[in-house]
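S.K.: structure for this input, please:
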Amino acid sequence: MQILDSITLAAVVAELQRTWTGARIDRIHLPTPHEMAWQLRGDGRNGRLFFSARGSFARLHLTDRKSENPPQPPMFGMLLRKHLEGSRLLRIEQLELERVVQLVTTGRDELGDPIERALIAEITGKHSNFILLDRPWGTVLGALRIVTPEVSRERQIMPGLPYDPPPIAKGKHDPRTLTDAQLFEVLAKGGTLDSVLLSGVHSLSRHAIGQLLEAAGLDPRSPADGLDADQLSRLATTWQRAMGAIARGEFDPRLTPGRPWDYSVLSLGGAGLAPVCPLLDAYYGRLETAERLEGQRAGLRAIATERLSRLRHKVASLTEALEAAQEAETWRQWGELIQAYGYQLPPGSDCLRVPNHFLADSPEVAIPLDPRETAMANAQRLFRRYRKARAAREVSERFLAEARSELAYWEGIQGAIALCDTLAELAEIRAEITPEAPAKGRSTKPPPETQPLSLRSSDGLEILVGKNNRQNDRVTMKLARADDWWFHTRDIPGSHVLVRLAPGQRDLPERTRHEAAMVAAYYSQARDSGQVPVLYTQRRHLKKPAGARPGLVLYEREKTLFVTPDPAMLARLQGLAES
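M.R.: Purely as a prediction, here's the structure:
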């Protein structure tokens with residue numbers, strides 16, 4: 001992932017200066033402890049300015065994405081709302097060419113007098129921070145992260161202290177004012193081109209230096225003190241052109257897949273005023289969503305794995321107990337044989353050998369006895385063991401059936417976790433398996449309802465796919481009509497797949513039947529297997545037991561197909577749905 005650098009931040013500042021200076025700050029949202037969004041209004045337009053202080057994802061740009069607010073805003077959020085909501089953006093300025101931006105606002109105080117406030121956004125990786133000042137470059141009123149002397153002896157961020165900007169590296173040149181002579185002096189120190197420039201000038205990232213060198217036609221790993229006159233001239237010209245474009249607020253944002261950097265913003269081939277914020281919003285939003293998705297998936301997977309481990313141990317223990325209880329019938333038979341033949345035994349006998357007429361051919365059986373007891377006492381002891389084992393078997397059978405049902409449910413949950421590809425779908429699973437008790441005086445809001453995946457068969461019929469239990473219930477119990485066809489992998493956790501027939505249609509086309517079976521196999525735990533059994537039946541033959549968990553249905557009159565999942569076919573069906 002490419003971390004937002006000072007050049008990219010300069011492009012964002014230039015765009016904000018052109019488009020949102022003078023805008024009103026209508027509302028301030030703090031959806032997470034490290035994120036903030038300002039709702040802006042100006043010139044009949046609405047915009048959303050997004051701030052993040054979240055490690056590698058720290059950034060500042062306009063966004064189209066919306067997020068939920070927490071039930072109780074943090075103290076810093078309340079402070080920002082008090083001082084900044086309703087004010088206007090007076091100016092946006094970057095400190096030197098560093099990753100520090102000051103957003104100056106103008107509004108009125110409690111007495112109606114004009115007043116200026118400033119928010120400092122330090123976009124510096126894991127040390128990123130948002131700091132509210134009483135005036136531009138003034139005194140700290142509050143901060144997202146308070147920095148005490150115990151945290152840092154060099155630089156504190158605390159209410160009442162003057163704001164102290166992050167120090168600029170000493171002994172390095174400002175890249176914007178670097179003359180050709182100074183550039184050649186830096187190169188003369190020796191080392192590779194990229195490393196010597198990185199150590200000789202401040203505020204430029206390795207990616208930005210790499211882009212400058214590429215534009216000049218130079219290898220970043222070549223010796224800095226070995227450039228000939230033509231190479232030096234190309235580098236100096238490229239450098240001055242790029243710095244001039246930065247000074248004029250001209251940038252050329254573009255994605256660069258397959259390069260050492262994922263995107264670039266430097267204008268190296270002429271003037272450019274293309275907006276950079278849409279590129280950053282899409283790039284970081286996609287990566288952050290994927291990272292959060294995997295984090296949520298990992299948390300849910302851990303819950304399911306722990307529950308499955310306990311259930312498998314329980315099933316094994318109950319199975320072992322049930323197998324032991326199977327000997328109960330033998331004890332009953334021995335007791336009856338002792339009652340039938342025990343009168344022949346002399347006192348103190350430790351074994352009775354008799355034909356076992358309960359088995360075919362009546363083989364002889366040796367029944368061990370306690371010589372201290374009479375034959376009838378030995379028989380009664382065996383009958384007691386029989387009755388106890390029979391009762392244990394009945395209980396074990398009931399508990400084993402319940403444990404196996406629970407095991408199947410959690411195997412389905414585990415499969416659904418892998419199938420879900422949005423945070424909202426995973427939130428439905430979390431709400432299902434870890435329901436939260438509502439706080440006193442407050443109702444628990446269920447997660448928003450997500451929609452099943454919609455595909456289109458080659459015959460033009462809609463195929464719906466549930467990717468978690470709640471979607472499965474929605475597909476099967478709410479969206480399906482009686483004549484529609486339902487597909488599911490046999491004895492394998494997976495999605496409910498529904499083919500919706502056209503009005504008045506009775507028959508399911510063979511090609512669509514095969515495609516729907518392939519979809520059901522693909523969206524199951526047998527995705528990577530061959531010849532997956534998929535059962536199918538009409539919706540009229542499905543029934544949901546009263547009180548059953550989400551996703552559980554009973555079926556009858558089913559038929560079975562064996563198919564091998566094909567990702568290419570799935571992509572084709574998705575393409576048909578989008579066309």
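S.K.: how about the strands in the stretch 401-550 of the chain?
M.R.: Here the stretch 401-550 of the chain has its strands, by DSSP state E, counting those that start in this stretch, at 453-456, 462-465, 485-489, 497-500, 532-538, 542-543.
S.K.: Ile338 versus the residue located most distally from the centre of the chain, what's the distance?
M.R.: Distance from the C-alpha centroid of the chain, by C-alpha atoms, centre = their mean, peaks at Pro346 (76.8 Å). Per C-beta to C-beta, to the nearest Å, Pro346 is found 14 Å from Ile338. Every C-beta, even on glycine, is put in place using the N, C-alpha and C of the backbone.
S.K.: does Arg54 touch His127 like I think?
M.R.: No. When contacts are counted by C-beta atoms under 8 Å, Arg54 is not listed as touching His127 (11.8 Å).
S.K.: rewinding a little: and the pLDDT at the residue farthest from the centre of the chain?
M.R.: We have a pLDDT of 88 for Pro346.
S.K.: how about Phe358?
M.R.: 89.
S.K.: surely it is in a strand?
M.R.: No. With DSSP: H, G, I helix; E, B strand; the rest coil as the criterion, Phe358 is assigned coil and is not in a strand.
S.K.: nearest to Met477, out of the strands of the stretch 401-550 of the chain?
M.R.: Closest to Met477 of the strands of the stretch 401-550 of the chain is strand 542-543 (C-beta to C-beta; 8.2 Å).
S.K.: the closest one: what's the following helix or strand?
M.R.: Following strand 542-543 in sequence order, the next helix or strand is strand 554-555 (DSSP states H and E).
S.K.: for that next one, packing partners?
M.R.: Secondary-structure packing of strand 554-555 (3 or more C-beta pairs under 8 Å, 6 or more residues apart in numbering; DSSP states H and E): strand 542-543.
S.K.: direction included, what does the strand it packs on pair against?
M.R.: strand 554-555 (antiparallel) (DSSP bridges).
S.K.: which elements pack onto the helix or strand following the strand it pairs with?
M.R.: Downstream of strand 554-555, the next assigned helix or strand under DSSP H and E is strand 559-563. Counting contacts by 3+ C-beta pairs under 8 Å, 6+ apart, strand 559-563 packs against helix 510-522, strand 532-538.
S.K.: now the ones you listed as TSV including mean neighbour count and mean pLDDT?
M.R.: Converted to TSV, those look like this (neighbours: other C-beta atoms under 10 Å; pLDDT from 0 to 100):
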stretch	mean neighbour count	mean pLDDT
helix 510-522	23	96
strand 532-538	20	96
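S.K.: Serialize these to a markdown table and add fields for distance to Gly142.
M.R.: Listed next are those as a markdown table, based on distance: least, C-beta to C-beta, whole Å:
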| stretch | distance to Gly142 |
| --- | --- |
| helix 510-522 | 52 |
| strand 532-538 | 58 |
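S.K.: domains in the chain, by residue range?
M.R.: For the chain, automatic domain parsing gives the domain ranges 6-168, 180-244, 288-419, 453-578.
S.K.: dump these to JSON lines, plus distance to Ile433.
M.R.: Output for those, formatted as JSON lines (distance: least, C-beta to C-beta, whole Å):
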{"stretch": "domain 6-168", "distance to Ile433": "21"}
{"stretch": "domain 180-244", "distance to Ile433": "42"}
{"stretch": "domain 288-419", "distance to Ile433": "6"}
{"stretch": "domain 453-578", "distance to Ile433": "9"}
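S.K.: out of the ones you listed, which is closest to Pro275?
M.R.: Nearest of the domains of the chain (C-beta to C-beta): domain 6-168, 5.6 Å.
S.K.: distance from that closest one to the middle of the chain?
M.R.: Relative to its chain's centre, domain 6-168 lies at 27 Å (C-alpha atoms, centre = their mean, to the nearest Å).
S.K.: same question, stretch 335-350
M.R.: 71 Å.
S.K.: low pLDDT regions in the stretch 401-550 of the chain?
M.R.: Filtered on pLDDT under 70, the stretch 401-550 of the chain yields the residue ranges 436-444.
S.K.: hmm, try it at 80
M.R.: Residue ranges of the stretch 401-550 of the chain with pLDDT under 80: 435-447.
S.K.: after the longest helix along the chain comes which helix or strand?
M.R.: In the chain, taking DSSP state H as the definition, the longest helix is helix 277-325. Where DSSP H and E defines the elements, the next helix or strand beyond helix 277-325 is helix 328-341.
S.K.: now do the strands in the stretch 101-250 of the chain.
M.R.: Using DSSP E, counting those that start in this stretch, strands in the stretch 101-250 of the chain cover 114-122, 129-133, 140-143.
S.K.: out of those strands, deepest packed?
M.R.: strand 129-133 (a mean of 23; mean count of other C-beta atoms under 10 Å).
S.K.: need the contact partners of that strand.
M.R.: Contacts with strand 129-133, where a contact means C-beta atoms under 8 Å, 6 or more residues apart in numbering, come from 36, 51, 53, 76, 79-80, 83-84, 117-122, 139-145, 147, 157, 163.
S.K.: switch the cut-off to 7 Å
M.R.: Residues from elsewhere that reach strand 129-133 (C-beta atoms under 7 Å, 6 or more residues apart in numbering): 36, 51, 53, 79-80, 83, 117-122, 139-145, 157, 163.
S.K.: ok, back up a step: which one of the domains of the chain lies closest to Pro253?
M.R.: Using C-beta to C-beta, the domains of the chain put domain 6-168 closest to Pro253, at 6.4 Å.
S.K.: how long is stretch 348-367 end to end?
M.R.: 14 Å (C-alpha to C-alpha, to the nearest Å).
S.K.: same question, stretch 248-262
M.R.: Terminal-residue distance, stretch 248-262 (C-alpha to C-alpha): 24 Å.
S.K.: for stretch 135-151, same thing?
M.R.: Start-to-end span of stretch 135-151 (C-alpha to C-alpha) is 25 Å.
S.K.: same question for that stretch: list its buried residues.
M.R.: Neighbour counts using 16 or more other C-beta atoms under 10 Å place Pro136, Val140, Leu141, Gly142, Ala143, Leu144, Arg145, Val147 of stretch 135-151 among the buried residues.
S.K.: I figured the third one hits Arg135, correct?
M.R.: In this case it means Leu141. No. Under the criterion of C-beta atoms under 7 Å, Leu141 is not in contact with Arg135, lying 9.8 Å apart.
S.K.: alpha carbons of stretch 381-394, as PDB, please.
M.R.: These are the backbone C-alpha positions of stretch 381-394, laid out as PDB (Å, rounded to 0.1, in the frame of the first residue of the first chain):
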ATOM      1  CA  ARG A 381     -26.400 -56.700  39.000                       C
ATOM      2  CA  LEU A 382     -26.300 -57.100  35.200                       C
ATOM      3  CA  PHE A 383     -29.900 -56.000  34.900                       C
ATOM      4  CA  ARG A 384     -29.100 -52.800  36.900                       C
ATOM      5  CA  ARG A 385     -26.100 -52.100  34.500                       C
ATOM      6  CA  TYR A 386     -28.500 -52.700  31.600                       C
ATOM      7  CA  ARG A 387     -31.100 -50.300  32.800                       C
ATOM      8  CA  LYS A 388     -28.500 -47.600  33.600                       C
ATOM      9  CA  ALA A 389     -26.800 -48.000  30.200                       C
ATOM     10  CA  ARG A 390     -30.100 -48.000  28.400                       C
ATOM     11  CA  ALA A 391     -31.000 -44.700  30.100                       C
ATOM     12  CA  ALA A 392     -27.600 -43.300  29.300                       C
ATOM     13  CA  ARG A 393     -28.000 -44.400  25.700                       C
ATOM     14  CA  GLU A 394     -31.300 -42.600  25.300                       C
END
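S.K.: contacting residues around it?
M.R.: Residues from elsewhere that reach stretch 381-394 (C-beta under 7 Å, 6+ apart): Ala321, Leu322, Ala325, Glu327, Ala328, Trp331, Arg332, Trp334, Gly335.
S.K.: same check, this time on stretch 417-424
M.R.: Contact with stretch 417-424 is made by 292-293, 296-297, 300-301, 304, 426, 429, 447-448, 450, 467-468, 495, 523, as judged by C-beta under 7 Å, 6+ apart.
S.K.: one more: stretch 363-372?
M.R.: By C-beta under 7 Å, 6+ apart, stretch 363-372 touches 334, 337-338, 348-356, 378.
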